[in-house]
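Q: Build me a model:
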Amino acid sequence: MTEFDRRAVLAEEEAFHDRMIYGHDSRGGYFYDWGLSAEAVGHARSLLGRVNGKQILECGCGTGDEALRLALAGASVTAIDISAGMVKVTNSRAKALGLDGSVKAVKMNVEALDFPAGTFDIVYGISVIHHLLIEEAAPRILNVLKKPSGKAVFVEPLAYNPVINIFRALTPGRRSKTEQPLSFEQIRRLGSGFRRVSTKQFGLTSILAAGIPFRSAFTAALVAGNRIDRLLLKTFPSLGRYCWISVIEMEK
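A: Numbering: from 1, shown residues only. As a prediction, this is how the structure comes out:
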């Protein structure tokens, strides 16, 4: 890909995410609002550990939900997003909550992080890596982490489930034109410079709850699916390949 082509891709990504702010979030759906990915995100949050006093870089901050949550827990958060609109909303929300001293959002691409080496205790992101050129982003993530204790945690979609891939093909408007779910090879390349990399997968049978439009039934199906998933993945770890989400933990 030429530099010109990449600039065009990034411009499309920015425009797509800007549109999400103004009532055109084409990814929307009750199953997101009702917590289809909550178990995976909850696990990722647990991996961050105690964040009080930590310097955290959140990649792909969106409208600031995670940045604000981290700041309320005592972290100092630098939140970045490719969308200027998302950055503006995050900063406005932080100011309204009196958290503008703890949250600073800036427009920046992970492929071109502009921070001194060893700035952050934690780099964190939800659904951001699969938008990026891993060869560009991975060394920059590694560089900005403190040594030897720096940690990166990401929540990302996986590429292998055929049913999910059919859904993706039938609903192209729910995602940007250039994003692609991750392969395990891409995850390996992402973590190649780290001393330890681990993954945990979520969303095997529990994703079936997405077809239920009634909240109480959805919640019951999701709880049951999560329990079944934990049992299946413990008994047959190879089934993790067919999960919807991987939580990636990398230690410097």
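
Q: Quick one: end-to-end distance for stretch 232-245.
A: Using C-alpha to C-alpha, to the nearest Å, the end-to-end distance of stretch 232-245 comes to 15 Å.

Q: How about stretch 152-163?
A: Between the start and the finish of stretch 152-163 there is a gap of 30 Å, counting by C-alpha to C-alpha.

Q: change the start of the numbering to 444 and stick with it
A: Got it, the first residue is 444 from now on, which makes the last one we talked about stretch 595-606.

Q: For Ser626, grab the count of nearby residues.
A: Neighbour count for Ser626, taken as other C-beta atoms under 10 Å: 14. Every residue, glycine included, has its C-beta placed from N, CA and C.

Q: How about it, nearest residue that isn't a chain neighbour?
A: Setting aside the residues directly before and after it, Ser626 is nearest to Ala602 in space (C-beta to C-beta, 6 or more residues apart in numbering), at 5.0 Å.

Q: Could you report the separation of that neighbour from Gln644?
A: 12 Å (C-beta to C-beta, to the nearest Å).

Q: now swap in Leu556 and tell me
A: Taking C-beta to C-beta as the criterion, Leu556 is separated from Gln644 by 27 Å.

Q: Let's see the pLDDT reported for the closest residue to Gly561 other than its chain neighbours.
A: Beyond its immediate neighbours in the sequence, the residue positioned closest to Gly561 (C-beta to C-beta, 6+ apart) is Lys589, lying 4.8 Å away. Looking at Lys589, its pLDDT stands at 97.

Q: Please apply the same query to Trp477.
A: According to the predicted model, the pLDDT of Trp477 comes to 81.

Q: Report how many residues lie close to it.
A: As a burial measure, the neighbour count of Trp477 was computed by other C-beta under 10 Å and equals 15.

Q: Kindly report the same for Thr621.
A: Based on other C-beta under 10 Å, the number of other residues close to Thr621 is 14.

Q: Same question for Asn604.
A: If you count neighbours by other C-beta under 10 Å, Asn604 ends up with 19.

Q: Identify the residues contacting it.
A: Asn604 makes contact with Tyr685, Cys686, Trp687, according to C-beta atoms under 8 Å, 6 or more residues apart in numbering.

Q: wait, doesn't the last one sit right on Leu601?
A: Looking back up the chat, that one is Trp687. Yes: in this structure, Trp687 is within contact of Leu601 by C-beta atoms under 8 Å, at 6.5 Å.

Q: Backbone dihedrals for Ile691, please?
A: When quoted as degrees, to the nearest 10, the phi and psi of Ile691 stand at phi -110, psi 130.

Q: Give me the nearest residue to it, chain neighbours excluded.
A: The shortest distance from Ile691 to any residue other than its chain neighbours is 4.7 Å, reached at Phe597 (C-beta to C-beta, 6+ apart).

Q: Check which helix or strand the one you found maps to.
A: Assignment of secondary structure by DSSP states H and E places Phe597 within strand 594-600.

Q: For that strand, which outside residues touch it?
A: Here strand 594-600 makes contact (C-beta under 8 Å, 6+ apart) with 480, 483-484, 487, 490-491, 502, 564-573, 584-585, 588, 624-625, 630, 637, 687-695.

Q: quick one: Ala664 and Ala653 touch, right?
A: No: between Ala664 and Ala653 there is no contact under C-beta under 8 Å: 9.2 Å.

Q: After the helix or strand hosting Thr642, which helix or strand is next?
A: Using DSSP H and E, Thr642 sits within strand 639-645. Using DSSP H and E, the helix or strand that directly follows strand 639-645 along the chain is helix 658-678.
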